[in-house]
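K.L.:
Whatever this is, show me its structure:
(2 chains)
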Amino acid sequence: MAPRIAATAAEAVANIHDGATVMIGGFGNAGQPMELIDALMDCGATNLTVVNNNAGQADAGLALLIKERRVAKVICSFPRQSDSWHFDEAYRAGELELELVPQGNLAERIRAAGAGIGGFFTPTGYGTMLAEGKETRVIDGKGYVLETPINADFALIKALRADELGNLVYRKTARNFGPIMATAAKQSIVQVSEIVSTGSLDPENVITPGIFVDTLVTIGGNN
Amino acid sequence: MSTETTTFTTTDAALTRDEMAKIVAADIPAGAFVNLGIGQPTNVSNFLTAEQGVTLHTENGMLGMGPVATGDDIDEDLINAGKIPVTELPGASYFHHADSFAMMRGGHLDVCVLGAFQVSGGGDLANWHTGAPGAIPAVGGAMDLAIGAKATWVMMGLFTKTGESKLVEALTYPVTGLGCVSRIYTESAIFELADGTVTVRSTHGITFEELAERLPVELVKAA
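P.N.:
A predicted model of the protein is given here:
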């Protein structure tokens, strides 16, 4: 089925409900769906679990959701940054749960969810405090940790361009978590700079096939 | 990697940071795929030569990373793992996060150069968390980087501000990866680590005998 094309970011995120698990793409500002995050802020959904590489920066986007205590739990690899003061405060106050995951395990757990994999043994984190309490196994003399998939109700993603069937292309390192999050969420909501007519994208260059995309919204120009 | 017969050398003065970076760069084999960690290792890229044909990987999804971008070349969709704007070289490629870490975890990168708080004589690495009470943990790609490449090299100061050796018998900081470091570059000496043996390849501003007295691990002098 072709994706829903929302008129505004607010319309795009309107289905996000209290208690939802929401993946948010982006690494730093590259690929961060800022307008969708702002719309999530405005829509009022609370008690969210957020999956992102970071835990918000400065006074914008995810950091504001955390500041307003709309996020109950963050699953991420790198929460602490020089400008992550809203995360720091909520975490230290015991008002925000953190699940810290090595970045490659985070990516692979998201990929596994989208690919229907029930778990996998990874060498990353073996023998560290992040593997405590997890099943381990030695395979061919090397230690591995069992990691499980991370599923989500929604994914908020920024791509460069979509066609009307939801096929996506990205731009440079803004691709990062977008393609895997699109596969792992029940509903993928994607902001793009433009939606082109079906047949305008070279099928050889499509990065995310439209089967993984549920909602599209056009935001601004090429940035 | 290129561990042919190592010949012991010594210089009167400790190495500067640039001298360390230059030595690391010269040790990287021609044609290698390399990931340079944030901090001191990033400086290594300034001393790689075009003839070496080294390809740089950045874990946020790019091979063929070029120098830091300035002026009109700055593009917010093109950043490195330290979130600094960079440039792309001819032949560059972009990929999503799961592919990027598959590249690393799957042993496709030849060399990874990282900073460290401590390294043990057995090659255990600590570089992600001080373990101090109240410190907010953030791991990022540290654990994936530590264990993924064919060779993991560390650049660090050999001594803490209070004069204690950061090359230790057993880690006192939280583990990043076990038995993963094969070489350590410091201002005072360069070490090769293999099968629990620590071989000193060179000393700088200190004699082998003085070094052996100050470090808590048994040292072997390269022939």
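
K.L.:
pLDDT (mean, whole number) over stretch A:113-132?
P.N.:
If you average the pLDDT over stretch A:113-132, you get 98.

K.L.:
So what touches that stretch?
P.N.:
A:100-102, A:104-105, A:108, A:111-112, A:136-137, A:139, A:142-152, A:180, A:182-184, A:212, B:105, B:129, B:139, B:143-144, B:147-148, B:174-178 (Cβ atoms under 8 Å, 6 or more residues apart in numbering or on different chains). C-beta coordinates here come from the backbone N, C-alpha and C atoms, glycine included.

K.L.:
Can I have the buried ones of those residues as a PyMOL selection?
P.N.:
In PyMOL syntax, the buried subset of those is picked out as below (16 or more other Cβ atoms under 10 Å in any protein chain shown):
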select buried, (chain A and resi 100+101+102+104+105+108+111+112+143+144+145+147+149+150+151+152+180+182+183+184+212) or (chain B and resi 105+129+139+143+144+147+148+174+175+176+177+178)
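
K.L.:
what are the phi and psi values for the residue sitting furthest away from the middle of chain B?
P.N.:
The centre of chain B is farthest from one residue, residue B:72, which by Cα atoms, centre = their mean lies 31.0 Å away. Geometry field for residue B:72 lists phi and psi as phi -70, psi -20, criterion degrees, to the nearest 10.

K.L.:
Next, name the residue at the spatial heart of chain B.
P.N.:
Residue closest to chain B centre, computed by Cα atoms, centre = their mean, is residue B:113 at 2.3 Å.

K.L.:
how close does the residue in chain A positioned nearest to chain B sit to residue B:192?
P.N.:
Here the residue of chain A nearest chain B is residue A:104; by Cβ to the nearest Cβ that distance is 3.2 Å. For residue A:104, the distance to residue B:192 (Cβ to Cβ, to the nearest Å) stands at 27 Å.

K.L.:
Ok, residue A:89 next?
P.N.:
Residue A:89 is 45 Å from residue B:192, by Cβ to Cβ.

K.L.:
do residue B:114 as well
P.N.:
For residue B:114, the distance to residue B:192 - Cβ to Cβ - is 16 Å.

K.L.:
of the two, who's got more company?
P.N.:
When residue B:114 and residue B:192 are compared for neighbours, residue B:114 comes out ahead with 28 against 16, by other Cβ atoms under 10 Å in any protein chain shown.

K.L.:
For the nearest residue to the more buried one once chain neighbours are set aside, list the residues it contacts.
P.N.:
Leaving aside its sequence neighbours, residue B:114 sits nearest to residue B:37 (Cβ to Cβ, 6 or more residues apart in numbering or on different chains; 4.1 Å). Shown in contact with residue B:37 (Cβ under 8 Å, 6+ apart): B:112, B:113, B:114, B:115, B:145.

K.L.:
out of the residues you listed, who's nearest residue B:166?
P.N.:
The closest of the contacts of residue B:37 to residue B:166 turns out to be residue B:115 (Cβ to Cβ; 10.6 Å).
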